[in-house]
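Chemist: let's see this in three dimensions:
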Amino acid sequence: MSYARVIAVEFNHCDPAGIVFYPRYFEMINSVVENFFDEELHYPFSRMHVEEGYAVPTARIETEFHAPSWLGERLQFELEVTRVGRSSLHLTLVARGGDGPKLTAWSVLVFVNRDGRPERWPEDVREKLERMSTEARDV
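Modeler: Predicted structure coming up:
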């Protein structure tokens, strides 16, 4: 199961030539992840961060850029859960535009407490993540 979200490339994402400035892709990726937690896991960042005092910082991200994205383009992001650890979450994100793939990112998030120490995923969240994980289907 994958999660999809469309993000329109806006002026604030671009350099003066109208091409997405690469750090802005990481903001888009974060938006996709945040909305995935809200819409699919029903665990919004506002609850996680503000009410409960947890966070999911990115511990690792590797990105391959395939082609530039342009002002006005609509990018289709797809997120797949590839592995669920005790406190980690491995994701693959692919962004596609009108002329094909734009980027692929492999990311590892870690569920941490207020002190920044890894914590076990809440059981209800873990169960949802495991059902979505491609790792379980690959075995």
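Chemist: strands of the protein, residue ranges please.
Modeler: 2-8, 58-65, 74-84, 88-97, 100-110 (DSSP state E).
Chemist: nearest to Ser46, out of these?
Modeler: strand 100-110 (17.0 Å; CB to CB). The way it works is simple: take the backbone N, C-alpha and C, and place the C-beta from them, glycine included.
Chemist: returning to that earlier point: could the strands of the chain go into CSV alongside distance to Met28?
Modeler: Converted to CSV, the strands of the chain look like this (distance: least, CB to CB, whole Å):
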stretch, distance to Met28
strand 2-8, 5
strand 58-65, 11
strand 74-84, 7
strand 88-97, 7
strand 100-110, 9
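Chemist: to Asp124, which of these lies closest?
Modeler: So among the strands of the chain, strand 74-84 is nearest, using CB to CB, at 13.1 Å.
Chemist: contacts for that closest one, please.
Modeler: Applying CB atoms under 8 Å, 6 or more residues apart in numbering, the contact partners of strand 74-84 are 1-9, 28-29, 32-33, 36, 69, 89-98, 102, 106, 121, 126, 129-130, 132-135.
Chemist: pull out the buried residues from these.
Modeler: Among the contacts of strand 74-84, those scoring as buried are 3, 5, 7, 9, 28-29, 32-33, 36, 69, 89-97, 102, 121, 126, 129, 132-133 (criterion: 16 or more other CB atoms under 10 Å).
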